[in-house]
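Chemist: Starting from these lines, generate the structure:
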Amino acid sequence: MSAPPYRISFVCLGNICRSPMAAVVMRSLVADAGLPVQVDSAGTGSWHIGGGANPPAVQALGRRGYDGSTHVARQFGPRDFADYDLVIGLDRHNVADLRRLAPDDEQAAKVVLLRDFDPDAPTEDRDVPDPYGGPDLDFDHALDLVTAACQGLLAQLPVHR
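Modeler: This next block holds a predicted model:
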């Protein structure tokens, strides 16, 4: 009997820009590596539940050869912690919100900041800025940061290769 897959959820504010981009990139990386990892995303807020990813986020992904068109936004809740091995916030506010939401200290310990996995990220600012409402360049920049951090995360996953 094989071990269950390692489970990761990327979480941002509305689940329409940064966290869907991170999930799409990470799914591609773990698939290419043949790793038993399940990836999804969610938001701390409820504004966009059931909607798709923000069109500029889908377009930024498309420019890099990824497909973000099937994303459906959802909200992360206290019960979700039991379903994941790792819960990754896209900025320090998401991390703080998630840790407050956690039902106990053990679950709160699953929460980490995405760019902590990027060895080249500056120590003073490791947030992935929210590109919502900004120009395409902001989405491309967020995707650059997400991609670098996901590559670092891939190298640190506790799954057998």
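
Chemist: and the longest helix for this protein?
Modeler: helix 136-156 (DSSP state H).

Chemist: which helices and strands sit right next to that helix?
Modeler: helix 18-33, helix 55-63 (3 or more C-beta pairs under 8 Å, 6 or more residues apart in numbering; DSSP states H and E). (Each C-beta comes from the backbone N, C-alpha and C, glycine too.)

Chemist: can you give me the angle the shortest one makes with helix 136-156?
Modeler: Translated: helix 55-63. Put simply, helix 55-63 runs at 60 degrees to helix 136-156, going by axes from the mean of the first three to the mean of the last three C-alpha atoms, to 10 degrees.

Chemist: now helix 55-63: mean pLDDT?
Modeler: Per-residue pLDDT values over helix 55-63 give a mean of 98.

Chemist: Can you list the buried residues in the longest helix of the chain?
Modeler: Using 16 or more other C-beta atoms under 10 Å as the test for burial, helix 136-156 gives 138-139, 141-143, 145-150, 152-154.

Chemist: Including distance to I16 and pLDDT, could the residues you listed go into a markdown table?
Modeler: A markdown table is the format used below for the buried residues of helix 136-156 (distance: C-beta to C-beta, whole Å; pLDDT from 0 to 100):
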| residue | distance to I16 | pLDDT |
| --- | --- | --- |
| D138 | 14 | 98 |
| F139 | 11 | 98 |
| H141 | 17 | 98 |
| A142 | 12 | 98 |
| L143 | 14 | 98 |
| L145 | 17 | 98 |
| V146 | 14 | 98 |
| T147 | 18 | 98 |
| A148 | 21 | 98 |
| A149 | 19 | 98 |
| C150 | 18 | 98 |
| G152 | 24 | 97 |
| L153 | 21 | 98 |
| L154 | 24 | 97 |
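
Chemist: All good on my end, thank you.
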